[in-house]
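*Asks:* Sequence first, then the predicted structure, then my questions.
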Amino acid sequence: MRKSERIELRLSAEDKQLITAAATKEHATTAEFVREAVLERVRRIEARADRTLMPAEQFDALVAALDRADETPTMARAFARKRPCVQR
């Protein structure tokens, strides 16, 4: 894929030095190192946004609640009423 878009950012000399050193250790350019680090973070954020995390006890309570029918007195009354049957 052809890369044509740019993002610029300002950072301290110390931060730039740290990033450049880490990129060198990974045998990558600074731009590629930063790009990959950002995209990795994006993927983690996107994955977290698509999931709901909760303790096991809370999940078990949720599933149990879904298995129990709610009281529906209005619906019960509606089904109990006799309705005329019309055949066509």
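*Replies:* Cool, got the structure.

*Asks:* which residues of this structure fall in helices?
*Replies:* Assigned by DSSP state H, the helices in the chain fall at 13-25, 30-49, 56-67, 73-80.

*Asks:* Quick one: closest of the ones you listed to residue 1.
*Replies:* helix 30-49 (12.0 Å; Cβ to Cβ). For every residue, glycine as well, the C-beta is placed using N, CA and C.

*Asks:* Report the contact partners of residue 21.
*Replies:* The contact partners of residue 21, by Cβ atoms under 8 Å, 6 or more residues apart in numbering, come to none.

*Asks:* Use 51 as the first number for this chain going forward.
*Replies:* I'll keep to 51 as the first residue from here, and by that count the last item is residue 71.

*Asks:* possible to save the helices of the chain as TSV with mean pLDDT and distance to residue 57?
*Replies:* Listed next are those as TSV, based on pLDDT from 0 to 100; distance: least, Cβ to Cβ, whole Å:
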stretch	mean pLDDT	distance to residue 57
helix 63-75	97	14
helix 80-99	94	8
helix 106-117	93	39
helix 123-130	85	55
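
*Asks:* out of these, nearest to residue 137?
*Replies:* Within the helices of the chain, the stretch nearest residue 137 is helix 123-130; the backing value is 20.6 Å (Cβ to Cβ).

*Asks:* by contact count, what packs against that closest one?
*Replies:* Helices and strands touching helix 123-130, as assessed by 3 or more Cβ pairs under 8 Å, 6 or more residues apart in numbering; DSSP states H and E, are absent.

*Asks:* got the CA positions of that helix in PDB?
*Replies:* C-alpha atoms of helix 123-130 as PDB (Å, rounded to 0.1, in the frame of the first residue of the first chain):
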ATOM      1  CA  PRO A 123     -48.900  -9.300  34.000                       C
ATOM      2  CA  THR A 124     -50.000  -7.100  31.100                       C
ATOM      3  CA  MET A 125     -49.100  -9.700  28.600                       C
ATOM      4  CA  ALA A 126     -50.700 -12.500  30.700                       C
ATOM      5  CA  ARG A 127     -54.000 -10.500  30.800                       C
ATOM      6  CA  ALA A 128     -53.900  -9.900  27.100                       C
ATOM      7  CA  PHE A 129     -53.500 -13.600  26.300                       C
ATOM      8  CA  ALA A 130     -56.200 -14.500  28.800                       C
END
